[in-house]
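Student: What would the 3D arrangement of this be:
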Amino acid sequence: MPPGRLPSLPGSSITDETVYRGRRRLLGTLAALPALAVAGCRGAEPPPPVDAPRAGAARTGSATGFMTDEPQTRYEDATSYNNFYEFGSGKADPSRAAKTLVTSPWSVQVSGACAKPGTVPLETLLKGLVAEERVYRMRCVEGWSMVIPWLGVPLGEVLKRFQPTSDAKFVAFTSLADPRQMPGVRAPILDWPYREGLRIDEAMHPLTLLVTGMYGKPLPQQNGAPLRLVVPWKYGFKGIKSIVAIEFTSKAPRTAWNDMQPREYGFFANVNPAVDHPRWSQASERRIAGGGNRLFADRIRTQPFNGYAEQVAGLYEGMDLARWY
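Tutor: Take a look at the predicted model:
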């Protein structure tokens, strides 16, 4: 399969049992999501201003899937054991090297199939939206996991401000790639800048979060400040960090890890314990919830869609989940 292109799905594809089990509940969730405004492109202008949120204000999510009572990963571990290859390939590299990242001022360029494209300051992008706390499981494709309290706004609420057109089938995201601030960009680890993408219905799903903070604090530089994506039912590499561009596209966008090794890093990247990575099993995970000198808690079984099948499995009805890794 050429990077960035998805073949059409045959109607005879067999749907896994986990897909249709929560179909009714999922449809009810999607029905509550406001519809997209559809319009023809009419020039580059930012979205209209709306009321700004109060400093520090946060709304706690209460809908199904927004919270979990599982033990949370310690802040110290979540901010010192993570991947951010722009600052090096080691787990501790970002916490040491990311202090050079300048996060203010910050702006995001929005383009593609929408009525209101433009380069928008971060404050305008989020203006009037009150941050919500969502406690999500996070599963890395490498086989480890965390439970993190994020602060952010539903991605769909932001995207609607730019009025995607009917041609917007996918949403592409691009990270900052500045070798002066990001030492990892000086090495050919990936084809920079880092790129990721979602199908439009995935991007508009209520669980998909545009994150600005964690643990009740502003997002640290090493965790993707000032703006990152969190899609809790997908492997963690889909959670692009330090976003500087968003584009609405009619075709599946090219993504960094899929370009580098498509056999190992699929476009959809939904957590699926029944489909192994080519080099290791995905049936279980090492939960980072240790204390003292112990980083990892006991190994636990990985759940389909990372435990969010009830909310999202219906998005993939008709797809062969054993193939669409």
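
Student: Strands along this structure, start to end?
Tutor: Remark: strands assigned in the chain by DSSP state E are 58-60, 107-112, 118-121, 131-139, 144-154, 170-175, 195-199, 209-214, 217-218, 228-230, 243-249, 284-288, 296-301.

Student: Quick check: the gap between residue 222 and residue 98.
Tutor: As judged by CB to CB, to the nearest Å, residue 222 and residue 98 stand 4 Å apart. C-beta coordinates here come from the backbone N, C-alpha and C atoms, glycine included.

Student: Overlap of the contact sets of those two?
Tutor: Jointly contacting residue 222 and residue 98 under the rule CB atoms under 8 Å, 6 or more residues apart in numbering are 84, 87.

Student: want to throw the strands of the chain into TSV with mean pLDDT and mean neighbour count?
Tutor: Converted to TSV, the strands of the chain look like this (pLDDT from 0 to 100; neighbours: other CB atoms under 10 Å):
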stretch	mean pLDDT	mean neighbour count
strand 58-60	46	13
strand 107-112	98	19
strand 118-121	98	16
strand 131-139	97	21
strand 144-154	97	22
strand 170-175	98	25
strand 195-199	98	23
strand 209-214	98	24
strand 217-218	97	12
strand 228-230	98	23
strand 243-249	98	21
strand 284-288	95	19
strand 296-301	86	12
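
Student: looking at the ones you listed, which is closest to residue 85?
Tutor: Nearest to residue 85, of all these, is strand 170-175, at 9.8 Å by CB to CB.

Student: Against which helices or strands is that closest one packed?
Tutor: When contacts are defined as 3 or more CB pairs under 8 Å, 6 or more residues apart in numbering; DSSP states H and E, strand 170-175 packs onto strand 195-199, helix 200-203, strand 243-249.

Student: picking up where we left off before, residue 222 and residue 98: who's more crowded?
Tutor: For residue 222 versus residue 98, neighbours defined as other CB atoms under 10 Å are more numerous around residue 98 (27 against 24).

Student: My guess is that one contacts residue 83. True?
Tutor: No: Residue 98 is not in contact with residue 83 according to CB atoms under 8 Å; the separation is 11.9 Å.

Student: How many neighbouring residues does residue 179 have?
Tutor: Using other CB under 10 Å, residue 179 has 12 neighbouring residues.

Student: That one contacts residue 187, doesn't it?
Tutor: No: Residue 179 lies out of contact with residue 187 (CB under 8 Å); the separation is 9.5 Å.

Student: Poorly predicted segments of this structure, please.
Tutor: The model of the chain has pLDDT under 70 over residues 1-63, 290-294, 324-325.

Student: Tell me which stretches of it form helices.
Tutor: All helices of the chain, identified by DSSP state H, fall at 17-21, 23-31, 75-78, 93-97, 122-125, 155-159, 200-203, 256-260, 309-312.
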